[in-house]
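# For reference, the sequence and a predicted model appear below.
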Amino acid sequence: MLSLTPSNDIELRILELKDAKTVFQTIDKNRIRLKQWLGWLDFTNSVEDIKKFIQDGLDGYGENKIFRFGIYYKNQYAGNIELQSIDYTNKKSIIGYWLADGYEGKGIMTQSVEAVLKYAFEELKLNKISLQIATENIGSNKIAERIGFTREGILRQNEWLYDHFVDHYIYSLLITEWNKL
């Protein structure tokens, strides 16, 4: 299975079915905090739900359409990052990510995003990576901007989060911009 190593302390590994219990426990422990930004938590209520999510990722991985990584910090599962909706015709993809409580502020996500971008641009030969982030999600927005993504605009009322709509910033990074960083 594919593995990326952004630093000595961080490893990104394609999620496997054996990871389902750990992933579910981490999500469940962080459910209230994650719910302010992630709309899929009400559909993730068991280890079986996570197994389906992981299997979907493995199927997509087999077709080079999804790269769904677990983020491991000092060998402890800390969250997820993925390249999704890979469009080889137009050489573009979307990146998504989240971290569990206690792992923020250590540079883990910045380094993880950079590693996935490097893989996307250098190995998959993609041209553009997009990222959608709730406008009020200050931490995630800072990560995108720190890395060099360009904020293209606002997608108004782009996502229904349980009882309200949220606007998203749409960011992108082109390979030509990546090569200059």
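On my side now, so go ahead. In this text, all values refer to a predicted model and were calculated from it rather than measured experimentally.

# for the protein, what spans make up the strands?
Ranges of strands in the chain, per DSSP state E, are 3-4, 10-14, 67-73, 76-87, 92-99, 128-134, 150-160, 165-174.

# Nearest to Lys35, out of these?
Lys35 lies closest to strand 92-99 among the strands of the chain, at 11.0 Å (Cβ to Cβ). Just so you know, the C-beta spots here come from the backbone N, C-alpha and C atoms, and that holds for glycine as well.

# Give the partner strands of the closest one in its sheet and their orientations.
strand 76-87 (antiparallel), strand 128-134 (parallel) (DSSP bridges).

# buried residues in the shortest one?
Going by neighbour count (16 or more other Cβ atoms under 10 Å), the buried part of strand 128-134 is Lys128, Ile129, Leu131, Gln132, Ile133, Ala134.

# JSON lines please, covering these and showing distance to Ile14.
Shown next, in JSON lines, are those (distance: Cβ to Cβ, whole Å):
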{"residue": "Lys128", "distance to Ile14": "23"}
{"residue": "Ile129", "distance to Ile14": "18"}
{"residue": "Leu131", "distance to Ile14": "20"}
{"residue": "Gln132", "distance to Ile14": "23"}
{"residue": "Ile133", "distance to Ile14": "24"}
{"residue": "Ala134", "distance to Ile14": "27"}
